[in-house]
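> Here you go, sequence then predicted model.
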Amino acid sequence: MNLLISVVTPTYNRAADLARALNSVLRQTYTSWEVLVIDNHSTDNTYDVVHQLNDARIKWLEITNNGVIAKSRNLGIRHAAGQFIAFLDSDDLWKPDKLEKAMFWFGRGFDVVYHDMHIISNKRVYLGPRKFRTRQLVSPVLNDLLVNGNALPTSSVVVRKDVLDQVGGFREDVEIIAGEDYELWLKLSGRTQRFKRIDDTLGYLTKGNENAFSAIRLISIISEIEREYISGLSTEEQRRAHVNWIDYARARSEYIERKYDDAKMKLIKILA
């Protein structure tokens, strides 16, 4: 299978990281690809980094996204010529056989392919997990994602473009910022059950600093997911969703915001 993969990479003022990400694509054993770099008018040397690579497969697009990264990704999808879309954030990178292994599974009829990612940190001291461990989603995939939480790191995902076009890409409203990827997986699961986890760790995911703003964003995302999707689950599935990830995510956000008493009460409830 020698079909074209379009790699969508939004960026802003991450020239050094972007160079690393693009070089990881250049090293791919599967060579039928294009990269669409969507730049939010960076003020560093991002433009020079991209154009010095001098590879016609790397395309340059510009956008003013006003902090909504979904707009950048959707612009890349609209300009993509490939039959498959791969997402690669500009501070992440892939191992050389990532695209080759993804295409193997597309050749066996799957629509969405993903894998584990090693975690690297831009923090001086990082005490979190060293790997984003995914899981094989089971049918109905929508229920699995809602009850057990997000299983797909964005930079691991490759999806058939025709399926992606059917759901309209990423949501661009501010209520879902930083959760638009998870919401897209939910929409895709309404179109196909053919999700495939590659049993391998094929990339590196950068973790940033958590702060009060990111905590507020997470609470907004959870509220949107509950409003749009959770109510469609059975009473027992809703209970499990809260125990498995929703209450913990809210408690974690409250802890970051220094609402320690509220966070403590939620954690006690989860443990009980």
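Structure's in. What do you need?

> Just checking: what are the partner strands of the strand or helix carrying Ile120?
Assigned by DSSP states H and E, Ile120 belongs to strand 112-121. According to DSSP bridges, strand 112-121 forms sheet pairs with strand 131-132 (antiparallel), strand 158-160 (antiparallel), strand 195-207 (parallel).

> And that strand, what's buried?
For strand 112-121, a neighbour-count test (16 or more other C-beta atoms under 10 Å) marks Val112, Val113, Tyr114, His115, Asp116, Met117, Ile119 as buried. Yep, even glycine has a C-beta here, placed from its N, CA and C like the rest.

> Touching, Arg240 and Gly149? I think so.
No: with contact defined as C-beta atoms under 8 Å, Arg240 does not reach Gly149; the gap is 10.6 Å.

> Torsion angles phi and psi at Val8?
Main-chain torsions, Val8, degrees, to the nearest 10: phi -100, psi 120.

> where are the low-confidence patches of the stretch 51-200 of the chain?
Across the stretch 51-200 of the chain, the ranges flagged by pLDDT under 70 are 123-128.

> tell me how far the helix ranked longest in the chain is from the chain's mean position?
In the chain, assigned by DSSP state H, the helix with the most residues is helix 212-228. Using C-alpha atoms, centre = their mean, to the nearest Å, the mean C-alpha position of helix 212-228 is found 16 Å from that of the whole chain.

> could you list every residue that touches Ile177?
Applying C-beta atoms under 8 Å, 6 or more residues apart in numbering to Ile177 gives the contacts Gly67, Val68, Ile69, Ala70, Arg217, Ser220, Ile221.

> How confident was the prediction at Lys264?
Per-residue confidence (pLDDT) for Lys264: 86.

> and it, how many residues sit next to it?
Neighbour count of Lys264, defined by other C-beta atoms under 10 Å: 13.

> distance of it from Ile216?
For Lys264, the distance to Ile216 equals 19 Å [C-beta to C-beta, to the nearest Å].

> try Arg73
For Arg73, the distance to Ile216 - C-beta to C-beta - is 22 Å.

> more crowded one of these two?
Arg73 (26 against 13).

> does that one sit in a helix, a strand or a coil?
With DSSP: H, G, I helix; E, B strand; the rest coil as the basis, Arg73 sits in helix.

> wouldn't it be in contact with Leu164 here?
No: Arg73 is not in contact with Leu164 according to C-beta under 8 Å; the separation is 10.4 Å.

> Show me what counts as buried in whichever strand or helix holds Met265.
Assigned by DSSP H and E, Met265 belongs to helix 260-271. The neighbour-count check on helix 260-271 (16+ other C-beta under 10 Å) flags Ala263, Lys266, Leu267 as buried.

> so how far is stretch 70-81 off the chain centroid?
14 Å.

> hmm, who's touching it?
Under C-beta under 8 Å, 6+ apart, the answer for stretch 70-81 is 4, 6, 8-10, 34, 36, 38, 40, 59, 61, 63, 65, 85, 87, 161, 164-165, 169-172, 176-177, 180.

> Thanks a lot, see you next time.
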